[in-house]
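In: can you look at this prediction? I've put the sequence above it.
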Amino acid sequence: MKELEDLLRACGRASGPVVLATVVAVSGSSYRRPGARMVMGPDGWLAGGVSGGCLEGDLVRKAFFWTSGGPRVLRYDTTGDAAEDEGGLSFALGCNGVVDILLERWEPGPGDALGFAAEARKQSLRAVVATVYRGPEDAVGTRLMLREDGVSAGNLTGALREPVREAATEALVRGVSWSGACGGAEVLVEVVEPAPPVVVFGSGFDVAPVVARAQGLGWHLTVVADRPVELLRRRFPLAHAHVASRASEVSQKVPLSARSLVLVMTHSLPQDRELLERLVPLPVRYLGVLGPRSRTERILRELAQPPTASQLEKLHAPMGLDLGAEGAEEIALSIIAEVQSVLAGRGGGRLRERQAPIHADAAPPERRSA
């Protein structure tokens, strides 16, 4: 849901009806996965996307007609090679995928997934949006939504509510999205994670491209340095937060959690030593250090408490993927690519060498399939 803010801004600007399109199920290959969304107006404007550009035009042309009687699921089949349009929903794309898209008229209210998810991200909380897309006619397009602080919302009622609530609660704990059978209907159970919190220690010119690339991905950026806050704001206007802090003050001034992705880029050996003394023991998700491997190894040898094996596992030094990067922009690309691979649980290798599907969607829990 990285595009949430764009979608909500577009809805807010709209002066007339809006159709929300959501990818609810995918079989085979597709550019976007379940949970991808776009909104569109009757005069042809759109925001977001549900494919790489091959389906959006058709949806804009037909969305308001298809939703005149209520929510509707369209199936786009790209497995054929025929150039002719078979029934209006088959394309000669050769992508070998089948994509189901739920179309509905968007409006704020108890079933508004965009508003609920955006508020959860604003508060840095995990949320689950469960959307019924096949089943009893009056249930299609209804939702049940949960947040990890216990807040819930939705317009799903009747016999489906309890099995969907159970599935959503389980997904909230496991953090795994899935799409499929649940309680005699078909449901997209979508986990919405808060924006990845990236904390960059440093104020050199090479921090700016890291901030820019991360901000473009929708991550939350905090820049920390032993510099005045106003200077940091001027130097890194795209960052969401700026903290003036010495390395010795980090524990008091910089909140870090198990979700934090920490990048150490001070170019100062004494500062890095003092930072790693405090950062290595913390249970952050990623800890990257700029500079040669031998430099970090020297710092680690000098720490008062030698790092454990699990602490070394999360330490990336030198940080970044092996892209042959040279210069601040390329190094930023290498760093951000590695952080993305950690977020996705991937190794960061070449797709042509991958022996498994590019996307590995989770199946519904077996006990909910009946």
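Out: Nice, thanks for sending it over. Residues are numbered from 1 along each chain as shown.

In: just checking, residue 130 is part of a strand?
Out: Yes. Under DSSP: H, G, I helix; E, B strand; the rest coil, residue 130 sits within a strand.

In: what's it in contact with, if anything?
Out: Neighbour list for residue 130: 143-145, 154, 156, 164-165, 167-168, 171, 187-190 [criterion: CB atoms under 8 Å, 6 or more residues apart in numbering]. Any C-beta I mention is one placed from the backbone N, CA and C, and that applies to glycine too.

In: okay, and the beta partners of it?
Out: residue 144, residue 189 (DSSP bridges).

In: gap between it and residue 35?
Out: Taking CB to CB, to the nearest Å as the measure, residue 130 and residue 35 are separated by 12 Å.

In: which neighbours do the two have in common?
Out: Listed contacts common to residue 130 and residue 35 are 188, 190; contacts here mean CB under 8 Å, 6+ apart.

In: on the three-state scheme, residue 27 is what?
Out: Following three-state DSSP, residue 27 is assigned to strand.

In: skip the chain neighbours and tell me the closest residue to it.
Out: Of all residues not flanking residue 27 in the chain, residue 98 sits nearest, at 4.3 Å (CB to CB, 6 or more residues apart in numbering).

In: who's in contact with that neighbour?
Out: Residue 98 touches 26-28, 75-79, counting by CB under 8 Å, 6+ apart.

In: ok, so of those, who is nearest residue 241?
Out: Distance to residue 241 across the contacts of residue 98 (CB to CB) is lowest for residue 26, with 36.0 Å.

In: how many residues are close by that closest one?
Out: 21 (other CB atoms under 10 Å).

In: for the closest residue to it other than its chain neighbours, what are its contacts?
Out: Sequence neighbours aside, residue 99 is the residue nearest to residue 26 in space, at 5.5 Å (criterion: CB to CB, 6+ apart). Counting by CB under 8 Å, 6+ apart, residue 99 makes contact with 23, 25-26, 30, 32, 50-51, 55, 75-76, 78.

In: in strands, which of those appear?
Out: 23, 25-26, 75-76 (DSSP state E).

In: what separation is there between residue 201 and residue 214?
Out: Residue 201 is 14 Å from residue 214, by CB to CB.

In: residue 261 too?
Out: 9 Å.

In: spit out the residues that contact the two alike.
Out: Taking CB under 8 Å, 6+ apart as the contact rule, the neighbours common to residue 261 and residue 214 are 198, 339.

In: out of those two, which sits in the busier spot?
Out: Ranked by neighbour count (other CB under 10 Å), residue 261 and residue 214 place residue 214 first, with 25 against 22.

In: show me where the stretch 1-150 of the chain has its strands.
Out: Assigned strands in the stretch 1-150 of the chain, in chain order: 19-28, 37-40, 46-48, 72-77, 97-105, 127-134, 143-147 (criterion: DSSP state E, counting those that start in this stretch).

In: and those as JSON lines, adding mean pLDDT and distance to residue 353?
Out: Formatted as JSON lines, the strands of the stretch 1-150 of the chain follow (pLDDT from 0 to 100; distance: least, CB to CB, whole Å):
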{"stretch": "strand 19-28", "mean pLDDT": "91", "distance to residue 353": "21"}
{"stretch": "strand 37-40", "mean pLDDT": "93", "distance to residue 353": "32"}
{"stretch": "strand 46-48", "mean pLDDT": "91", "distance to residue 353": "32"}
{"stretch": "strand 72-77", "mean pLDDT": "90", "distance to residue 353": "29"}
{"stretch": "strand 97-105", "mean pLDDT": "92", "distance to residue 353": "22"}
{"stretch": "strand 127-134", "mean pLDDT": "96", "distance to residue 353": "34"}
{"stretch": "strand 143-147", "mean pLDDT": "96", "distance to residue 353": "39"}
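
In: how about those in a markdown table, adding distance to residue 342?
Out: Shown next, in a markdown table, are the strands of the stretch 1-150 of the chain (distance: least, CB to CB, whole Å):
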| stretch | distance to residue 342 |
| --- | --- |
| strand 19-28 | 24 |
| strand 37-40 | 25 |
| strand 46-48 | 26 |
| strand 72-77 | 32 |
| strand 97-105 | 27 |
| strand 127-134 | 22 |
| strand 143-147 | 25 |
